[in-house]
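[1] have a look at this prediction, sequence included:
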Amino acid sequence: MRVLLDTHVMIWAAHNDPRLSPEARRIIAGADAVFVSSASLAEASIKIGIGKLVFDLAGFVAAAPAMRYRELPITWAHAAALGRLPAIHKDPFDRILIAQAFSDDLILLTADGVLPAYGSRIILV
């Protein structure tokens, strides 16, 4: 299984936060590949900049390879896929992650209870 972590899951995994469910930990540990989108880093960076999040982004980027995380850039194909998504969720960062999951055959692990409405590629953890 190839998985994409949403921003909350990425942060919780990086901090070994108890909010990360045992199921999420099991899926991440057993995944063939674990991706983190540049959209999640952009979202975290914005939230850090406005004081809504305390997170060592540079430290995360440096440690990500040792955690087996792979970078997932936003491509033109991902951007084009955004226009094909139903308007279930308005958050642009979440919509990018959903488009990436569908475009790249990934399972998105999320803590957002609205996102599973997009289908079986989204797992609520």
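    Received it, and whenever you're ready, just let me know what you need.
[2] the most centrally placed residue in the chain and residue 52, how far apart?
    Most central in the chain under Cα atoms, centre = their mean is residue 6, positioned 2.1 Å from the mean C-alpha point. Separation of residue 6 from residue 52 (Cβ to Cβ, to the nearest Å) stands at 16 Å. Where you see a C-beta, it was placed from the backbone N, CA and C, and this is true even at glycine.
[3] about what we covered before: partner residues bridging the closest residue to the residue nearest to the centre of the chain other than its chain neighbours?
    With Cβ to Cβ, 6 or more residues apart in numbering as the criterion, residue 6 has its nearest non-adjacent residue at 4.2 Å, and that residue is residue 110. Beta-bridge pairing for residue 110 (DSSP bridges): residue 124.
[4] which residues does residue 110 contact?
    Going by Cβ atoms under 8 Å, 6 or more residues apart in numbering, residue 110 touches 6, 8, 9, 94, 97, 116, 122, 123, 124, 125.
[5] strands - which of those land there?
    Judged by DSSP state E, the subset of these located in strands is 122, 123, 124.
[6] okay, the second one: pLDDT?
    On pLDDT, residue 123 comes in at 96.
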